[in-house]
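Visitor: Using only what follows, build the 3D model:
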Amino acid sequence: MSRPLPSVFVLLSLLVIAPAGFTFAQAPPSLMSARVAYMTRKATTNPQGELKETLATLERELGDATRLGRTGEARRLLAKGMALLAGTPWTEQLEYGRSLVLRTDHTITDSSKPFVVGLEQIYSPSLALTRSLAARVSLIRRPTGPAGRAALPAGASQPADPVVKAFGTLEPVGRDLVDTPFVMELDMRGIEDGTYRLRAEVLDGEQVLGIATLTVAAFKGLDERLARLSSGATTVPASVQADVLSPVDCVRNVNLSRISLGALDLGTELARAEATLAAGKSGRDPFVGRTGDITRHYFFKPAGEILPYRLYVPTRYDRTRPMPLIVALHGLGGNEGSFFESYEKRLPVLAEQHGYIIAAPLGYRPDGFYGWGVAEPPADVASRQLQERSEQDVMEVLARVKQDYRIDESRIYLMGHSMGAIGTWRLAARYPDIWAAVGPIAGNGSTATVEKMRGIAQVVVHGDKDPTVAVGGSRIMVAEMRRLGVDVEYIEVPGGDHVSVVAPNIEAVLAFFDVHKKTPRPPAAVKQ
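Guide: Model prediction:
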């Protein structure tokens, strides 16, 4: 719940051409995620003295760049801030390296066809260059591990990235890649299906000035597989057509830069859709009666896209008896699978034990924030639309689950982590008559909304050493709840950071839900 002269073709399997004005579409990493990473690093580092003053100036410039919509400059400033916080001098060469990007209109590509990609710059660096450059291009296996690298024993050095295919050293690369990108046509034949990292090292003679990388997915015969899904969708029940068409729509949106490739496992998505197509040709909905971990999709009309959502249905589920439901909201940069794959995978296990159906929406985009609550909407039209659609997605998924499963209306709960906790408080205030209880973990909210949530029991979790979302946000919300007589349990974890507090406290959240049903909302205070 988101295409892109042959003198060395024989040796390098590569064609290079650079027409003026050639542009590429490719969604970069979320600027908001970059900003959150910077603020978290700053809170952890706690800079003082000259560095603190330097960062204050940088942040004023960042605010101006953001206000004026200069995203390239904003990314430069965030990269500079991260370098300074890491104790790395911000040199002209580092500034040049951070300017480099690879872009394509086929991030997900059919490896049997040529792959066109451009080497560009997102801003003009200050490094003086006196001659044309070269680019050493290769395809490497995507690094593993939580930080994009495999974990190593203390003192060990990272091994060189395994090269899957080398495309050689290409030249001439222009000095101004903002105005004139360096365009390459790569031969991807012979590469196994999967997701990789394309890497271009920009060289000034023997010196590496910077490295640009791009995550790409390559599948042999992809276009034919997508075509079969498109034609086959007309032969299955309407209730599963979106599940069959999801990879088609996802590839389209990634390649149109509406969504990022991110952690998408296209191989799994294709296999799942093809299995649904095969099962649905009998005329029967293959999801009816299924329990366990389930990935579903539906057509989201406001955006004209197919969106995913994740379900857990306990094995004890019986259509003749209503079952409680928890809607789980992921954090910034996560997706509908976050509460299934992260936090020690505790939520599905506990849902089975406690007897809850879990519904986890995407929230339209990984940075949607689930709406703007009861406050004033953002002034920026695009931001307002993003947040509006994020809220609509959550409520649409809720409606669909209630339609497909027998849900106990008195036991519908809402929980979330980080951005999802912020969304939990927002949606609780906007739809107070739905939720029996809510469980925000490491979030923040507006005390002005607490009055609207007086009838909703709350269990709030936060670590007192959280560098990403300060614990004060939860403290003031809980204080206001207690002042207004809200049924609230507050779990503040000594030494807890932003993520470590989640898994150990999911059971406490579900235990709180176990003993709370929806009660009539108390009347609003009478104004004298």
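
Visitor: Next one: the residue nearest to residue 235 when sequence neighbours are not counted from residue 237, what distance?
Guide: Nearest residue to residue 235, sequence neighbours excluded (C-beta to C-beta, 6 or more residues apart in numbering): residue 281, at 5.5 Å. In this view, the C-beta of every residue, glycine as well, is placed from N, C-alpha and C. Going from residue 281 to residue 237 by C-beta to C-beta, to the nearest Å gives 10 Å.

Visitor: what about residue 36, neighbour count?
Guide: The criterion is other C-beta atoms under 10 Å. On that basis, residue 36 has 19 neighbouring residues.

Visitor: cool, residue 225 as well?
Guide: 18.

Visitor: Now the nearest residue to it once chain neighbours are set aside: which helix or strand?
Guide: The shortest distance from residue 225 to any non-neighbouring residue, by C-beta to C-beta, 6+ apart, is to residue 270 (6.1 Å). Assessed by DSSP states H and E, residue 270 sits inside helix 266-280.

Visitor: Distance from the chain centre to that helix, please.
Guide: For helix 266-280, the separation from the chain centroid amounts to 23 Å (computed by C-alpha atoms, centre = their mean, to the nearest Å).

Visitor: Centre of the chain to the following helix or strand past it, how far?
Guide: Sequence order places strand 292-300 as the next helix or strand after helix 266-280, per DSSP H and E. The chain centre lies 17 Å from the centre of strand 292-300; the measure is C-alpha atoms, centre = their mean.

Visitor: My read is that residue 61 contacts residue 76, right?
Guide: No - in this structure, residue 61 is not within contact of residue 76 by C-beta atoms under 8 Å, at 9.6 Å.

Visitor: From the centroid of this protein, which residue is nearest?
Guide: residue 333 (3.1 Å; C-alpha atoms, centre = their mean).

Visitor: Any chance of the backbone angles for that one?
Guide: Phi and psi for residue 333, reported as degrees, to the nearest 10, are phi 90, psi -10.

Visitor: tell me the contacts of residue 415?
Guide: Contacts for residue 415 (C-beta atoms under 8 Å, 6 or more residues apart in numbering) come out as 326-329, 424, 438-441, 509.

Visitor: Need the max-distance pair from these.
Guide: 327 and 441 (14.0 Å; C-beta to C-beta).

Visitor: could you say what helices and strands the longest helix belonging to the chain packs with?
Guide: Of all the segments of type helix in the chain, defined by DSSP state H, the longest one is helix 381-404. Packing contacts for helix 381-404, counted by 3 or more C-beta pairs under 8 Å, 6 or more residues apart in numbering; DSSP states H and E, involve strand 292-300, strand 305-313, strand 323-329, strand 357-361, helix 419-430.

Visitor: What ranges does the chain have for its helices?
Guide: 9-12, 31-45, 49-67, 71-85, 92-99, 222-232, 241-255, 266-280, 338-341, 346-354, 381-404, 419-430, 472-484, 502-514.

Visitor: pLDDT below threshold where in the protein?
Guide: The model of the chain has pLDDT under 70 over residues 1-30, 143-160, 373-375, 520-528.

Visitor: same thing but 50
Guide: 1-27, 145-158, 523-528 (pLDDT under 50).

Visitor: ok, residue 280 to residue 312 distance?
Guide: Where residue 312 is concerned, residue 280 sits at a distance of 22 Å (C-beta to C-beta).

Visitor: list the contacts for the spatially closest residue to residue 513 that is not a sequence neighbour?
Guide: Leaving aside its sequence neighbours, residue 513 sits nearest to residue 413 (C-beta to C-beta, 6+ apart; 4.9 Å). Residue 413 makes contact with 324-327, 356, 435-439, 513, according to C-beta under 8 Å, 6+ apart.

Visitor: redo that, cut-off 10 Å
Guide: 324-328, 356, 358, 424, 434-439, 456-457, 459, 509-510, 512-513, 516, 518 (C-beta atoms under 10 Å, 6 or more residues apart in numbering).

Visitor: What of residue 283?
Guide: Residue 283 neighbours (C-beta under 10 Å, 6+ apart): 235-237.

Visitor: Distance of it relative to residue 239?
Guide: Counting by C-beta to C-beta, the gap from residue 283 to residue 239 is 11 Å.

Visitor: Also residue 134?
Guide: Applying C-beta to C-beta, the value for residue 134 to residue 239 is 55 Å.

Visitor: go on, residue 412?
Guide: For residue 412, the distance to residue 239 (C-beta to C-beta) stands at 22 Å.

Visitor: Comparing those two, which shows the higher neighbour count?
Guide: residue 412 (24 against 15).

Visitor: I figured that one hits residue 516, correct?
Guide: No - counting by C-beta atoms under 10 Å, residue 516 is not a contact partner of residue 412; they are 11.1 Å apart.

Visitor: Now list whatever residues contact both of these two.
Guide: Applying C-beta under 10 Å, 6+ apart, one finds that residue 412 and residue 516 are jointly contacted by 435-437.

Visitor: Contact partners for the nearest residue to residue 459 once chain neighbours are set aside?
Guide: Spatial nearest neighbour of residue 459, excluding adjacent residues (C-beta to C-beta, 6+ apart): residue 512 at 3.9 Å. Residue 512 sits next to 413, 415, 437-439, 457-460, 487-489, 491 when contact means C-beta under 10 Å, 6+ apart.

Visitor: Apply 8 Å and report the result again.
Guide: 437, 439, 457, 459, 489.

Visitor: List the beta-bridge partners for the last one.
Guide: Taking DSSP bridges, one obtains residue 459 as the residues bridged to residue 489.

Visitor: Pick the one among the contacts of residue 512 closest to residue 209.
Guide: Using C-beta to C-beta, residue 439 comes nearest to residue 209 of the contacts of residue 512, at 49.1 Å.

Visitor: give the contact list for the closest one.
Guide: Residue 439 makes contacts with 413-416, 424, 458-461, 509, 512-513, as judged by C-beta under 8 Å, 6+ apart.

Visitor: Quick check on those: which are buried?
Guide: When the contacts of residue 439 are checked for burial by 16 or more other C-beta atoms under 10 Å, the buried set is 413-416, 424, 458-461, 509, 512-513.

Visitor: and which of those is nearest residue 168?
Guide: Nearest to residue 168 among the buried ones among the contacts of residue 439 is residue 416, at 48.1 Å by C-beta to C-beta.

Visitor: so what's that closest one up against?
Guide: Contacts of residue 416 by C-beta under 8 Å, 6+ apart are 328-331, 370, 422-424, 439-441, 443.

Visitor: can you tell me which of those residues lies nearest to residue 83?
Guide: Ranked by distance to residue 83 (C-beta to C-beta), the contacts of residue 416 are led by residue 331 at 25.3 Å.

Visitor: Verify the stated contact: the closest one with residue 422.
Guide: No - when contacts are counted by C-beta under 8 Å, residue 331 is not listed as touching residue 422 (9.2 Å).

Visitor: Surely residue 390 touches residue 378?
Guide: No - counting by C-beta under 8 Å, residue 378 is not a contact partner of residue 390; they are 11.9 Å apart.

Visitor: if you count what's nearby, which of those two comes out ahead?
Guide: For residue 390 versus residue 378, neighbours defined as other C-beta under 10 Å are more numerous around residue 390 (25 against 15).
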